[in-house]
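Participant: give me a 3D structure for the following:
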Amino acid sequence: MQMKEIDIRGLFCPLPLTYVSKELKSIPVGERLRVIVDNEAFEKEIKIWALETGNRLVEFKKDGQNYIAVIERGKGFHGNDFLEKVKFISIGIKLHIVQYLLKLTKREPKYLITFVSIPEGFRADRWLKEQNITDYTVLPVPDEIYPYCGLVLGVKNKERALEIFSILRDNRFLVEDVYQKDKGTYKSLELEQR
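Facilitator: Down below sits the predicted model:
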């Protein structure tokens, strides 16, 4: 079977993990992604990220001037011990209740900002609140975007969603994209192309 491959040489944090996260989410659980990088420090970043997201770093090796990382797609992070699992489940329940109430009251945000991991989303939420930016809602990632656990920031209008995305990216948060809800489906605004 052919392994999917991406070349992220020349990119600087946070872009490498953003590209890896998006590509890995596009392949089935159990399959692997080969990543070509030119920065040895990426090994530490990818190890931490894989642990936080429930994926597995299979290999990291030097290949001439470059480094090769092989990552196996997992089913997502669900906690390492009993207390982590309980905390993870309780946070998920809370986010789903908020989502249900917004849907029930027809106040669902139309734009969703995605992250490379759940911890990164929570870190961004804390930081935004410290900056007095509160015009968003933390929600579970819709299955249409990513069928495993995750979180998004829901924003009501496109301009503000793009502005918050830019603020986070400029402050080195690992944001992935902004999705627009349209007729029950989500369309990526493909921010990496902008």
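Participant: distance of the residue positioned nearest the centre of the chain from D63?
Facilitator: Nearest to the geometric centre of the chain sits V116, at 2.2 Å (CA atoms, centre = their mean). Separation of V116 from D63 (CB to CB, to the nearest Å): 24 Å. From N, CA and C alone the C-beta is placed, and that goes for glycine too.
Participant: kindly report the same for R123.
Facilitator: Note on R123: its distance to D63, by CB to CB, is 32 Å.
Participant: more crowded one of the two?
Facilitator: Set R123 next to D63 and count neighbours by other CB atoms under 10 Å: R123 wins out with 15 against 9.
Participant: and the residue nearest to the centre of the chain, how far from E72?
Facilitator: Applying CB to CB to V116 and E72 gives a distance of 16 Å.
Participant: over to S90?
Facilitator: 28 Å.
Participant: for those two, work out which one has more neighbours and name it.
Facilitator: E72 (17 against 10).
Participant: thought that one was touching G30?
Facilitator: Yes: E72 is within contact range of G30, at 6.8 Å (criterion: CB atoms under 8 Å).
Participant: excluding its backbone neighbours, what's nearest F173?
Facilitator: Excluding the flanking residues, the one nearest F173 by CB to CB, 6 or more residues apart in numbering is A124, at 4.7 Å.
Participant: SS state for that neighbour?
Facilitator: On the three-state scheme (DSSP: H, G, I helix; E, B strand; the rest coil), A124 is labelled helix.
Participant: got a list of what it touches?
Facilitator: F115, L153, L168, F173, V175 (CB atoms under 8 Å, 6 or more residues apart in numbering).
Participant: shaky segments in the chain?
Facilitator: Along the chain, segments meeting pLDDT under 70 span 1, 14, 77-81, 84-85, 88, 147-148, 191-194.
Participant: give me the phi and psi for the residue located most distally from the centre of it.
Facilitator: Distance from the C-alpha centroid of the chain, by CA atoms, centre = their mean, peaks at G64 (30.3 Å). Main-chain dihedrals, G64, degrees, to the nearest 10: phi 70, psi -120.
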